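Peer 1: Here is a sequence together with a model predicted from it:
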2 protein chains.
Amino acid sequence: MKKRPSTVCPIVYALDIWGDPWSLIILRDVLIHNKRHYREFLASREHISTNILSARLQSLVEAGLLVKIEGDSNRAQTMYRPTQKALDLFPVVFAIMHWGLKYNPNTDMTIPIMQELQADEKGLEMRLLQNFDDVNPNISQ
Amino acid sequence: MKKRPSTVCPIVYALDIWGDPWSLIILRDVLIHNKRHYREFLASREHISTNILSARLQSLVEAGLLVKIEGDSNRAQTMYRPTQKALDLFPVVFAIMHWGLKYNPNTDMTIPIMQELQADEKGLEMRLLQNFDDVNPNISQ
DNA sequence: ATCTGTACTTGCATTTTGCAAGTACGTAAT
DNA sequence: ATTACGTACTTGCAAAATGCAAGTACAGAT
């Protein structure tokens, strides 16, 4: 899909940012599994290759979904963390998970988050959001 | 992305079915704009090309999201209509629209559905679902 | 000094997409 | 009856994206 510089449709806008086959998997790892390092993304079951991971991280940073935080004089400290724009994808990610859960007979229900998603989605979101207080301090109450 | 025959993750399952750049645009047209004919999909702003449209329709039928209804002896009557599996994507589509609405400054808010989505999402879903009573009769009350 | 781990980049084969054209069939107009 | 037109596709080919393997650069540990 050729990049459309500006679209009038919110769905196309979204797809242009994270509609490729890999970006949403990275975002899943960030949002749900609290991953932040290159090595962690590489370790996912889906086996993304290094060049694609690199390109996707860069485009997500450009799109304002992730910020790259580099350690001083040590690349191994580099972290990718979500912005509010990425955190606002929680409802999307949860909606997709609900759908996948309903229709994928191979879903691994022993993953703790799966149970929690069905039992208390809002609570799950609240809990996961706390992982990002360092980057996007939430008004706690 | 190579097709993964079975995945344990509901998100990857979903992406394998409609995670390419075009399928969700077709589903948007089916679910939101009530399109059903090849010619209608071709007429979308996004200008999908004929070979891709053909391939995507076929794969969505195979995945059980659409059914192809052929007229007798006239190809121009061919229709593609959503199954329940596709109708269950309404929450996903709405979640994506909400996100796109928030971050896409070019969203055309004069499209009636945009206003309605923000004002009364559930009502919008109910109304749109009535378009598919022929295919998936809903329990009305 | 060497080895290991990490975050990348590069090269190249394979696959997917984008565009233009063509085909097959049915209906409508002359 | 013949021609033209609309519709739902398929085919061919160039361009782009992906997948895989290998290589590079640098920091910390041994």
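Peer 2: Here it is on my side, so go on.
Peer 1: what sits against A:E116?
Peer 2: Contact partners of A:E116, counting by C-beta atoms under 8 Å, 6 or more residues apart in numbering or on different chains, are A:G123, A:L124. For glycine as for every other residue, the C-beta is placed from the backbone atoms N, C-alpha and C.
Peer 1: Show the pLDDT at it.
Peer 2: Listed pLDDT for A:E116 reads 95.
Peer 1: in which helix or strand would I find it?
Peer 2: Using DSSP states H and E, A:E116 sits in helix A:112-119.
Peer 1: for that helix, which positions count as buried?
Peer 2: Residues of helix A:112-119 classed as buried under the neighbour-count rule (16 or more other C-beta atoms under 10 Å in any protein chain shown) are A:M114, A:L117.
Peer 1: for stretch A:6-25, same thing?
Peer 2: A:7-25.
Peer 1: anything in it near chain B?
Peer 2: Yes - Stretch A:6-25 reaches chain B (C-beta under 8 Å from any C-beta of the partner chain) through A:6-15, A:19-22, A:24-25.
Peer 1: and what of stretch A:43-57?
Peer 2: Yes - Stretch A:43-57 lies within reach of chain B by C-beta under 8 Å from any C-beta, at A:R45, A:E46.
Peer 1: and that stretch, anywhere near DNA strand D?
Peer 2: Yes - for stretch A:43-57, a contact with DNA strand D is found by C-beta under 7 Å from any atom of the strand, at A:H47, A:I48, A:S49, A:T50, A:N51, A:I52, A:A55.
Peer 1: which residues touch the most centrally placed residue in chain A?
Peer 2: In chain A, the residue lying closest to the centroid (C-alpha atoms, centre = their mean) is A:L27, at 1.5 Å. By C-beta under 8 Å, 6+ apart, A:L27 lies in contact with A:W18, A:L60, A:L65, A:P82, A:A86, A:L89, A:V93.
Peer 1: Spatially nearest residue to the fourth one, not counting backbone neighbours?
Peer 2: Read it as A:P82. A:V30 (5.2 Å; C-beta to C-beta, 6 or more residues apart in numbering or on different chains).
Peer 1: give me the element that neighbour is part of.
Peer 2: Residue-wise, A:V30 maps onto helix A:23-31 under DSSP H and E.
Peer 1: What's the mean pLDDT across that helix?
Peer 2: Here the average pLDDT along helix A:23-31 is 97.
Peer 1: and if you look at stretch A:66-76?
Peer 2: 88.
Peer 1: What of stretch A:35-48?
Peer 2: Stretch A:35-48 comes out at a mean pLDDT of 96.
Peer 1: All the helices of chain A, residue numbers only.
Peer 2: For chain A, applying DSSP state H gives helices covering A:10-18, A:23-31, A:38-42, A:50-62, A:84-87, A:90-103, A:112-119, A:121-129.
Peer 1: I'd like to know how far the residue nearest to the centre of chain A sits from B:L53.
Peer 2: 28 Å (C-beta to C-beta, to the nearest Å).
Peer 1: Then A:V12?
Peer 2: Distance from A:V12 to B:L53, by C-beta to C-beta: 16 Å.
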